[in-house]
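>>> predicted model, plus sequence, below.
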Amino acid sequence: MSSLSKSPPISGASGTEAGRNGRPPTIDDVAALAGVGRATVSRALNDQAHVSDRMRDRVMRAVEALDYRVNPQARNLASRASNTLTLINCNARDAPPNSYYFAAIELGALRAAAAAGFELSTFNIHIEDDNRDDRLIELFASGRSTGLILSPPLSADVELARRLIAQGCPVVCISPSEEVRALLPGVGFDEAAAGYEIAHHVVAAGHRRFGYMLGIEGHLAAETRFAGFLRALAEAGLDEGAVTALRGDFSFRSGVELAEALLAGPDRPTAIVCANDDMAVGAMFAAHRMHLAMPGDLSVVGFDDAPVAAYIWPPLTTIHQPIRRIAARAVERLVETLLRGQGTGTPGFDAIDHHLVLRESVAPPRG
């Protein structure tokens with residue numbers, strides 16, 4: 001006799017009473033009774049591959065025992081033209097990609113999609129593209145994509161969010177703006193707190209003159225970090241005049257160019273804070289080329305905790321942004337939306353923990 005047949009009967013055998021508090025049974029109830037994961041239940045109900053006959057039988061007997069009614073949208077996933085989730089990456093047309101950030105998002109999303117029985121595709125779009133919103137809507141309307149995952153800066157676009165809602169397109173946003181959080185489900189971390197922690201660290205080390213490398217225009221997540229940075233400076237009695245902020249594009253090249261500009265003057269900063277690690281490594285390259293000792297002559301801080309941060313010299317102090325976990329949770333929320341038939345999705349923000357990684361690129365300024 002199987003372990004399922006030995007399971008105790010569920011109180012109230014009817015479908016309307018099988019769940020707790022009188023709610024209809026859910027896919028989670030089926031998974032619990034069958035002793036399998038929800039992804040296995042989804043594959044069995046959608047008649048997908050990689051489910052053994054034994055597991056399929058366990059799931060179907062749990063469905064029968066609970067009188068579970070499969071959500072029509074979940075049932076239809078198997079018969080759609082696509083069972084593909086699409087990760088949307090957006091950057092400036094002439095900018096090199098933020099290589100680690102996009103790679104980590106894609107890896108986290110890919111693993112979570114595979115675990116849930118979905119395929120993942122990526123769709124790259126330029127922020128300057130006048131037809132970008134139409135192209136994203138067409139992805140869903142054509143059946144090529146079951147749902148979208150928006151990364152910054154698109155995850156801060158309120159008008160795009162409203163258009164996707166009007167289309168009934170399931171969407172989850174990575175690092176959305178406050179306005180978009182009120183409209184769509186999102187996942188991220190406390191960007192402002194991270195910027196605040198960086199500023200607190202460099203101020204505590206004794207720095208009073210700062211360079212700051214911003215990201216691309218319209219990247220609200222990076223701008224929010226800068227706002228947190230300025231808030232910490234204000235609390236330390238320093239105004240915005242203590243910071244020279246220049247805009248880059250998240251690339252190594254822009255880090256080199258901006259560092260050269262910041263360090264060329266007589267009143268150069270003693271610390272440079274960068275919107276990502278690629279620019280920070282570029283800043284360190286420029287400083288080495290100018291024969292500046294780090295961290296004695298110049299301290300540098302990055303953001304992301306890319307693998308290179310631990311291997312550059314000196315090793316880079318940075319914020320560990322949990323990119324893979326954020327992307328994985330975004331996929332999980334999107335799958336939950338699809339299986340529950342919630343249309344676009346229920347607004348709500350999942351915050352994932354970050355932390356400051358202290359290495360050797362920050363020290364008190366000389367003199």
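Now that the structure is in, tell me what you want to look at.
>>> low-confidence bits of the stretch 51-200 of the chain, can you list those?
51, 70-82, 92-98 (pLDDT under 70).
>>> what kind of secondary structure is the residue nearest to residue 336 when sequence neighbours are not counted in?
Once flanking residues are discounted, residue 336 sits nearest to residue 342: 7.9 Å by CB to CB, 6 or more residues apart in numbering. (C-beta placed from N, C-alpha, C; glycine too.) Here residue 342 is coil, with the state taken from DSSP: H, G, I helix; E, B strand; the rest coil.
>>> so how many other residues sit close to residue 342?
14 (other CB atoms under 10 Å).
>>> what does residue 208 give?
15.
>>> show me the contacts for it.
Residues in contact with residue 208 (CB atoms under 8 Å, 6 or more residues apart in numbering) are 238, 242, 270, 365.
>>> recalculate using a threshold of 10 Å.
202, 233, 236-238, 242, 269-271, 365 (CB atoms under 10 Å, 6 or more residues apart in numbering).
>>> which ones among the residues you listed lie within helices?
Among the contacts of residue 208, the members found in helices (DSSP state H) are 202, 233.
>>> ok, and the closest non-adjacent residue to residue 263?
residue 290 (6.2 Å).
>>> for residue 312, same thing?
In space, residue 312 is closest to residue 281, 5.5 Å off (CB to CB, 6+ apart).
>>> burial measure for that neighbour, as a count.
22.
>>> surely it is in contact with residue 303?
No - look at residue 281 against residue 303 with CB atoms under 10 Å: they stay out of range, at 11.6 Å.
>>> identify the contacts common to the two.
274, 309, 316.
>>> give me the subset of those residues lying in strands.
residue 274 (DSSP state E).
>>> now residue 183: how far from residue 229?
Residue 183 sits 28 Å away from residue 229, going by CB to CB, to the nearest Å.
>>> when those two are compared, which one has more neighbours?
More crowded of residue 183 and residue 229, by other CB under 10 Å: residue 229, with 26 against 19.
>>> residue 271 is in contact with that one, correct?
No - under the criterion of CB under 10 Å, residue 229 makes no contact with residue 271, lying 11.2 Å away.
>>> most surrounded residue in the contacts of residue 208?
Neighbour counts for those, by other CB under 10 Å, peak at residue 271, which reaches 27 neighbours.
>>> so what's that one up against?
Residue 271 makes contact with 198-199, 201-203, 205-212, 243, 295, 298-301, 361-363, 365, according to CB under 10 Å, 6+ apart.
>>> with residue 164 instead?
Per CB under 10 Å, 6+ apart, neighbours of residue 164: 133, 136-137, 140, 147-148, 150, 157, 170-171, 173, 183-184, 344-345.
>>> adding distance to residue 222 and pLDDT, write the contacts of residue 208 out as CSV.
Written out in CSV, the entries for these read as follows (distance: CB to CB, whole Å; pLDDT from 0 to 100):
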residue, distance to residue 222, pLDDT
202, 18, 97
233, 17, 97
236, 22, 96
237, 25, 96
238, 21, 96
242, 20, 95
269, 19, 97
270, 22, 97
271, 18, 98
365, 25, 94
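>>> out of the contacts of residue 208, list just those in strands.
residue 271.
>>> export the contacts of residue 208 to JSON lines and tack on distance to residue 353?
Shown next, in JSON lines, are the contacts of residue 208 (distance: CB to CB, whole Å):
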{"residue": "202", "distance to residue 353": "22"}
{"residue": "233", "distance to residue 353": "24"}
{"residue": "236", "distance to residue 353": "25"}
{"residue": "237", "distance to residue 353": "30"}
{"residue": "238", "distance to residue 353": "28"}
{"residue": "242", "distance to residue 353": "29"}
{"residue": "269", "distance to residue 353": "30"}
{"residue": "270", "distance to residue 353": "30"}
{"residue": "271", "distance to residue 353": "25"}
{"residue": "365", "distance to residue 353": "31"}
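>>> circling back: in strands, which of the contacts of residue 164 appear?
Judged by DSSP E, strands contain the following of these: 147-148, 150, 171, 173.
>>> out of these, which is most surrounded?
residue 173 (32 neighbours).
>>> hmm, back to that, neighbours around the residue nearest to residue 263, how many?
Counted with other CB under 10 Å, residue 290 comes out at 14.
>>> just the helices in this structure please.
27-34, 38-45, 53-66, 72-76, 99-115, 132-141, 158-167, 178-181, 191-204, 220-235, 252-263, 277-289, 323-340.
>>> ok, residues contacting the shortest one?
The one in question is helix 178-181. 150, 154-158, 160-162, 171, 173, 175, 186, 188, 220, 224, 347-349.
>>> so among those, which ones count as buried?
Listed as buried from those are 150, 154-157, 160-161, 171, 173, 175, 186, 188, 220, 224, 349; burial here means 16 or more other CB atoms under 10 Å.
>>> overlap in contacts, residue 229 and residue 271.
Joint contacts of residue 229 and residue 271 (CB under 10 Å, 6+ apart) are 198-199, 202-203, 210, 212, 243, 301.
>>> and those residues, which is closest to residue 332?
When those are ranked by distance to residue 332 (CB to CB), residue 198 comes first, at 29.2 Å.
>>> hmm, the closest one is touching residue 273, no?
Yes - judged on CB under 10 Å, residue 198 makes contact with residue 273 at a distance of 5.8 Å.
>>> ok, the two, which is more surrounded?
residue 273 (31 against 27).
>>> circling back to that earlier point, just the closest of the buried ones among the contacts of helix 178-181 to residue 83, please.
For these, the nearest to residue 83 is residue 171 (16.8 Å; CB to CB).
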